[in-house]
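J.: Sequence below, structure please.
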Amino acid sequence: MQKNLQTAVIGAGLMGHGIALTLARAGQYVRISDPTEEARASVAQRISDSLKTLGEDEGAITKILKRIEICSAIETAVHDADFVFEAAPEKMDLKRAIFAEIEQHAPQGAVLASNTSVMPITQIMGELRHKARALGTHWWNPPHMIPLVEVVSTDWTDPKCADAMMALLTDAGKTPVRVNKDVPGFIGNRLQHALWREAVSLVENGICDAEAVDTVIKSSFGRRLAVLGPLENADLVGTDLTLDIHENVLFDLERRDAPSPYLAQLVEEGRLGMKSGEGFRKWTAQEADDVRARVAQHLTRLEGILP
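T.: I've put the predicted structure just below:
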């Protein structure tokens with residue numbers, strides 16, 4: 001993979017800073033922009049802190065930071081970019097406006113990517129004049145620690161652009177996966193929220209409490225998910241056994257096509273999770289910090305364990 005490519009990241013928040021450091025760490029140049037002065041002022045320190053978490057020493061951090069230029073304007077960030085990553089908040093009108101500005105200033109050959117968890121790329125980038133270079137890249141949080149990036153093609157995405165994005169991400173140490181149809185939630189979040197829908201339903205219907213749901217997953221199949229995907233698991237136990245299980249349980253699983261009323265009630269009551277001190281469970285500030293630290297430590301250790 002060619003090094004010293006010029007890339008641009010639009011948005012210097014949680015996702016943007018992780019995408020920027022990943023690309024710079026891989027030997028690419030990055031310009032990162034954000035309309036918020038506070039985000040621009042703090043992004044270098046946040047990148048430095050994240051690199052320390054990844055085990056980089058001070059010398060390496062200095063070299064990586066030299067590859068990152070912080071910009072206040074999108075035009076400055078994208079004017080000579082080979083790849084552009086938009087990492088703005090999940091607001092459709094905002095993303096559309098950003099891409100209109102990006103297309104106005106970026107080279108016509110630049111590959112344009114929207115980072116979104118669930119929003120259809122076709123809707124975000126459908127107004128572009130040159131849509132063949134537009135695609136989605138769904139990085140997972142924290143983007144510098146989770147290997148997966150879903151590369152989402154639309155009906156009008158040029159396969160060569162998707163190939164180029166796959167190559168860039170692979171070279172940066174990521175694990176890119178192609179998503180061939182632009183569906184809401186792509187692959188990962190469709191799977192994740194199918195699980196969450198059933199988890200909420202179990203609590204809503206009094207079958208168990210939230211702690212029991214989390215304990216069951218963390219102490220059973222959650223332990224093997226990092227090395228055994230669900231379809232690998234089905235092949236391991238046998239598709240015949242999988243069919244038998246489905247014939248006896250699928251009829252009773254939650255299947256509503258709208259959010260749970262119980263979940264909506266939590267939000268209405270201000271029980272927003274760790275940030276408000278209570279969601280499905282109660283949290284002190286220290287307990288919330290401990291969970292975040294435990295997740296970061298676990299992800300770091302996995303890098304040394306998994307192939």
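J.: mind listing the strands for the stretch 151-300 of the chain?
T.: Per DSSP state E, counting those that start in this stretch, the stretch 151-300 of the chain carries strands over the ranges 175-179.
J.: what is the mean pLDDT for stretch 192-204?
T.: For stretch 192-204, the mean pLDDT works out to 97.
J.: ok, now which ones touch the most centrally placed residue in the chain?
T.: Nearest to the mean C-alpha position of the chain, by Cα atoms, centre = their mean, lies residue 140 at 2.3 Å. The contact partners of residue 140, taken as Cβ atoms under 8 Å, 6 or more residues apart in numbering, are 146, 148-149, 188. For every residue, glycine as well, the C-beta is placed using N, CA and C.
J.: cool, and residue 203?
T.: Listed by Cβ under 8 Å, 6+ apart, the contact set of residue 203 reads 209-210, 213, 262, 280.
J.: cool, and residue 74?
T.: Applying Cβ under 8 Å, 6+ apart, the residues near residue 74 are 10, 33, 98, 101-102, 105.
J.: Compare those and tell me which is most surrounded.
T.: Neighbour counts for the contacts of residue 74 peak at residue 10, which has 29 neighbours (criterion: other Cβ atoms under 10 Å).
J.: For residue 27, see how far away that one is.
T.: 21 Å (Cβ to Cβ, to the nearest Å).
J.: any idea which of the contacts of residue 74 is the one closest to residue 230?
T.: residue 10 (34.5 Å; Cβ to Cβ).
J.: Check the gap between that closest one and residue 154 for me.
T.: 19 Å.
J.: Can you give the distance from the strand or helix carrying residue 301 to the centre of its chain?
T.: For residue 301, the host element (DSSP states H and E) is helix 285-305. Offset of helix 285-305 from its chain centre (Cα atoms, centre = their mean, to the nearest Å): 17 Å.
J.: Averaged pLDDT, it. What do you get?
T.: Helix 285-305 comes out at a mean pLDDT of 89.
J.: Name the residues that touch that helix?
T.: 53-55, 142, 145-146, 226, 274-275, 277, 283.
J.: As a markdown table, those with neighbour count and distance to residue 78 would be great.
T.: Compiled in a markdown table, these are given as follows (neighbours: other Cβ atoms under 10 Å; distance: Cβ to Cβ, whole Å):
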| residue | neighbour count | distance to residue 78 |
| --- | --- | --- |
| 53 | 15 | 29 |
| 54 | 16 | 27 |
| 55 | 10 | 31 |
| 142 | 17 | 24 |
| 145 | 19 | 26 |
| 146 | 16 | 26 |
| 226 | 11 | 36 |
| 274 | 17 | 35 |
| 275 | 10 | 33 |
| 277 | 15 | 41 |
| 283 | 18 | 40 |
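J.: If anything else comes up later, I'll come back, but that's it for now.
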